[in-house]
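Trainee: Sequence first, predicted model second:
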Amino acid sequence: MGKKKFIVKFSAFFLGCYCCVLLREYFGLNAVISSCLVGLFGTFLPVQKFGNKSRIEAAIYAGSFAGMCSAGVLSGALQIFLLSILGGTFFLLTENILHGLGGKLGTIAFISVSLVYLIKGIM
């Protein structure tokens, strides 16, 4: 796993997650609309100089899926940061597998959120 690729995927996942939480919590939009808006606007970002545009957009969208979880799970910036580290890592680990199968981004989001919830419960 390259350092640059991880930073790009982590940043994209963080951007998607944080923007979804921001729209949901501070602007009162529901989780689905927030995720849709993040995914839509994520396609217009000029990210091609950082790598494969479609994969970066997919990481943004996966982050928005993770950001759809309840405020009780993600209650602070540190948890969003941890979630993004996990999500970016899982995104890179599964980047070259499961092509053409639906649900990959949602599964990455689910596993990442579940692990953050588990870590939060342990601490």
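Mentor: Structure received. Numbering: from 1, shown residues only.
Trainee: When you work out contacts or count neighbours from here on, use the C-alpha atoms and nothing else.
Mentor: Will do.
Trainee: what packs against whatever helix or strand Glu57 lives in?
Mentor: Here Glu57, judged by DSSP states H and E, is contained in helix 53-66. Other elements packing on helix 53-66 under the criterion 3 or more C-alpha pairs under 8 Å, 6 or more residues apart in numbering; DSSP states H and E are helix 3-26, helix 31-42, helix 77-93, helix 104-122.
Trainee: Run through who's touching the last one.
Mentor: To tie it back to what came earlier, the one meant is helix 104-122. Here helix 104-122 makes contact (C-alpha atoms under 8 Å, 6 or more residues apart in numbering) with 58-59, 61-63, 65-66, 69, 73, 79, 82-84, 86-87, 90-91, 98.
Trainee: Kindly report the same for the second one.
Mentor: If you take C-alpha under 8 Å, 6+ apart as the criterion, helix 31-42 is touched by 16, 19-21, 23-24, 57, 60-61, 64-65, 67-69.
Trainee: Can you say which of those residues are buried?
Mentor: Members of the contacts of helix 31-42 that pass the buried threshold by neighbour count (16 or more other C-alpha atoms under 10 Å) are listed as 16, 19-21, 23-24, 57, 60-61, 64-65, 67-69.
Trainee: Tell me the one among these nearest to Phe50.
Mentor: Distances from these to Phe50 were compared by C-alpha to C-alpha; the smallest belongs to Glu57, at 11.3 Å.
Trainee: Could you report the pLDDT at that closest one?
Mentor: Among the per-residue scores, Glu57 holds a pLDDT of 88.
Trainee: Then Ile33?
Mentor: Predicted confidence (pLDDT) for Ile33: 95.
Trainee: how close does it get to Ser64?
Mentor: Per C-alpha to C-alpha, to the nearest Å, Ile33 is found 10 Å from Ser64.
Trainee: So Tyr117 versus Lys5, what's the distance?
Mentor: In this structure, Tyr117 and Lys5 are 26 Å apart, going by C-alpha to C-alpha.
Trainee: Great, nothing more from me.
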